[in-house]
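# give the three-dimensional model of this entry:
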Amino acid sequence: MRSIRFYSMFGLALVGSWIGGIAAPLAQASMVPAEVFLAQAPDPGSLPATKTVTVMVEGEPQDLLLQLYQHPEVPLVTYYPSTLTPEQFCDTDGCSVLFSNEATQVALIFIFPEGSTQASDMAPYVTGPEGLITANEWVITGSYTDNLNFSWARQMVTFQTPELTATGLAYLGEANGRGFAVMALFPPDAGDGFMPEANAIFSEVQIQP
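Numbering: from 1, shown residues only. Alright, predicted model coming up:
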């Protein structure tokens with residue numbers, strides 16, 4: 001089966017094959033994976049290293065343990081479940097942060113181009129002629145700007161692969177003077193399990209200036 005590619009116009013790239021494990025990083029000379037810093041014994045007043053939230057999975061409430069994601073070079077601060085593995089890549093044009101699971105073939109990527117200050121700056125990277133959706137030959141199935149669930153979100157776009165092997169969504173967002181985008185990609189039958197985890201990540205998003 002053809003590869004699923006995560007491209008950005010500003011030189012950040014992550015490539016994974018859909019069968020056999022999504023999200024193997026494609027290293028570039030100027031992009032060196034950085035260590036994920038997780039607070040083990042946070043100081044008073046700092047963010048806790050873990051937290052438990054309640055999510056709805058197939059209509060049933062479940063407790064979900066989340067870990068802190070925070071890195072000194074990356075604008076993103078959030079919490080994520082242990083089922084996902086984070087990787088981050090930065091160069092002079094921006095940063096990206098990937099959360100993925102090879103076994104379940106799900107992936108979620110945050111994109112932070114240098115100099116982007118609002119959600120509208122992100123359209124070329126996601127829906128534009130050279131954006132992620134076009135570059136991967138994905139098909140847009142909807143676009144929404146009303147009643148979005150997160151304070152930072154300004155637009156949501158839904159899409160699917162031509163072979164219907166995967167579906168996804170993208171948010172264009174802004175917070176604290178930064179424009180950014182986040183995309184989630186998953187097999188159609190994995191949405192009920194993955195989207196509660198993705199929404200937990202989205203709900204905890206904080207953006208560093």
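# any chance you could list what contacts the host helix or strand of residue 80?
In this structure, residue 80 sits in strand 76-81 according to DSSP states H and E. Strand 76-81 is contacted by residues 47, 50-51, 53, 64-70, 86, 95, 97, 99, 110, 112, 180, 197, 200-201, 204-208 when judged by C-beta atoms under 8 Å, 6 or more residues apart in numbering. Bear in mind the C-beta positions are built from the backbone N, C-alpha and C, glycine included.
# strand partners (parallel or antiparallel) of the helix or strand that comes right after it?
Next helix or strand after strand 76-81 toward the C-terminus (DSSP H and E): strand 85-91. In the sheet, strand 85-91 lines up against strand 94-101 (antiparallel) (DSSP bridges).
# tell me the strands beside whichever helix or strand comes after the partner strand, with direction?
The first helix or strand that comes after strand 94-101 along the chain, using DSSP H and E, is strand 106-113. Taking DSSP bridges as the criterion, strand 106-113 forms sheet pairs with strand 94-101 (antiparallel), strand 178-186 (antiparallel).
# now for the next helix or strand after strand 106-113, which elements pack on it?
Next helix or strand after strand 106-113 toward the C-terminus (DSSP H and E): helix 123-126. Applying 3 or more C-beta pairs under 8 Å, 6 or more residues apart in numbering; DSSP states H and E, we find helix 123-126 packed against strand 106-113, helix 132-135, strand 167-175, strand 178-186.
# so for the shortest one, mean pLDDT?
On average, the pLDDT along helix 132-135 is 84.
# report the buried residues of the longest strand anywhere in the chain.
Identified as the longest strand of the chain according to DSSP state E is strand 60-70. If you call a residue buried by 16 or more other C-beta atoms under 10 Å, then strand 60-70 has these buried ones: 64, 66-70.
# and the angle from that strand to strand 94-101?
Here the directions of strand 60-70 and strand 94-101 differ by 140 degrees (axes from the mean of the first three to the mean of the last three C-alpha atoms, to 10 degrees).
# list the contacts of strand 60-70.
Here strand 60-70 has contacts from 36-39, 47-56, 76-82, 86, 97, 196-197, 200, 204, using C-beta under 8 Å, 6+ apart.
# and that strand, how far from the chain's centre?
What separates the centre of strand 60-70 from the centre of its chain is 16 Å, taken as C-alpha atoms, centre = their mean, to the nearest Å.
# any idea of the mean pLDDT in that strand?
Strand 60-70 comes out at a mean pLDDT of 91.
# which one of the helices and strands packed on helix 123-126 has the lowest average pLDDT?
helix 132-135 (a mean of 84).
# lowest-scoring secondary structure element of the chain by mean pLDDT?
strand 24-25 (a mean of 28; mean pLDDT, DSSP states H and E).
# quick one, the lengthiest helix in the chain and strand 106-113 angle?
Identified as the longest helix of the chain according to DSSP state H is helix 191-203. Calculated by the same axes, to 10 degrees, helix 191-203 forms an angle of 30 degrees with strand 106-113.
# which residues does the nearest residue to residue 111 once chain neighbours are set aside contact?
Distances taken as C-beta to C-beta, 6 or more residues apart in numbering put residue 181 closest to residue 111, at 4.7 Å, once the chain neighbours are dropped. Listed by C-beta under 8 Å, 6+ apart, the contact set of residue 181 reads 110-111, 122, 125-126, 170-173.
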